[in-house]
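**Student:** predicted model and sequence below, questions to follow.
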Amino acid sequence: MIERIFILCLGAAAMVAPAVAAQQPFPVSVDASLSVRTGSGGSYVNRGGAAADLVVGVNLGRSGTGTLVGAVTAGAQSSMGGDLMCVMDREGGCFDTFPVLLSVGALAGVSRSWSSGATTRVLAGPEYFRGENEGGALGLQGRLDASTPLILHTALVLSLRGAVIPRFRGDMLGTTSIGLGLRIQ
């Protein structure tokens, strides 16, 4: 499932790229990345996994500390090998694996460009998380990313993301991921 979502993200980025490249001075950026993820909270096993995300950011204007940025994000997070082991709970059943999560969100923050051409961004905002075969919950995502130019209008992006979901299946959950991807700007 992660692979399909990542391919969808890359396809969306490829469709947007010509329009983004034609704009001056590139107020729009599209990031696609793959990550390793860990989860916290609740009574779950197998908290490690993979994640893929797509971020479309728009430069909204300059501020004293950098450029104000608004962004929308979509992502998917999964656990690895969860069906292969059973950790017994008190009732003799197996603990559930950490949930597979799909998410969409709206972020805002600040971007700063450096003389080397690199940029850093700090973004935060609400995000809606939905579990596989179950309801969803509203949470909060924070994101720090750094990019360095590659060729033409592309950059290599390193991202660190954290999210808190106050009420998911009655538990407070958190996720942390570190990813590597491409930015078209």
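**Tutor:** Right, received. Where do you want to start?
**Student:** tell me which residues form a beta bridge with R183?
**Tutor:** With beta bridges defined as DSSP bridges, R183 has these partners: D31, A155.
**Student:** which stretches of the protein have low pLDDT?
**Tutor:** 1-26, 81-84 (pLDDT under 70).
**Student:** the most centrally placed residue in it: what's it in contact with?
**Tutor:** By Cα atoms, centre = their mean, the chain has its centre lying nearest to D53, at 4.4 Å. D53 makes contacts with C9, D31, A32, S33, S35, T73, A74, G75, A76, R161, G179, as judged by Cβ atoms under 8 Å, 6 or more residues apart in numbering. The C-beta positions use only the backbone N, C-alpha and C, and glycine is treated the same way.
**Student:** quick one: which of those residues is the most crowded by neighbours?
**Tutor:** For the contacts of D53, the largest neighbour count, defined by other Cβ atoms under 10 Å, is 29 neighbours, found at G75.
**Student:** find the nearest non-adjacent residue to that one, please.
**Tutor:** Among residues not flanking G75 along the chain, D53 sits closest, at 3.5 Å (Cβ to Cβ, 6 or more residues apart in numbering).
**Student:** likewise P166?
**Tutor:** P166 sits nearest to M172 (Cβ to Cβ, 6+ apart), 5.5 Å away.
**Student:** tell me which helix or strand the one you found sits in.
**Tutor:** Using DSSP states H and E, M172 falls within strand 171-184.
**Student:** and that strand, what's buried?
**Tutor:** L173, T175, S177, G179, G181, L182, R183, I184 (16 or more other Cβ atoms under 10 Å).
**Student:** those residues: which two are farthest apart?
**Tutor:** Greatest spacing in the buried residues of strand 171-184, by Cβ to Cβ: L173 and I184 (31.5 Å).
**Student:** who are the contact partners of A163?
**Tutor:** S103, E127, F129, G139, L140, Q141, G142, G174, T175, T176.
**Student:** please apply the same query to I165.
**Tutor:** Here I165 is in contact with F129, A137, L138, G139, M172, L173, G174, T175 (criterion: Cβ under 8 Å, 6+ apart).
**Student:** how about P99?
**Tutor:** G39, Y44, S79, G131, E132, E134, F168, R169, L173.
**Student:** and which of these is nearest T97?
**Tutor:** The nearest one, if we look at those relative to T97 and count by Cβ to Cβ, is S79, at 4.6 Å.
**Student:** Q185 reaches L156, doesn't it?
**Tutor:** No. Between Q185 and L156 there is no contact under Cβ atoms under 8 Å: 11.7 Å.
**Student:** comparing these two, which residue is more hemmed in?
**Tutor:** Neighbour tally, Q185 and L156, criterion other Cβ under 10 Å: the higher count belongs to Q185, 22 against 14.
**Student:** if I look at that one, how far off is G179?
**Tutor:** According to Cβ to Cβ, to the nearest Å, Q185 and G179 sit 17 Å apart.
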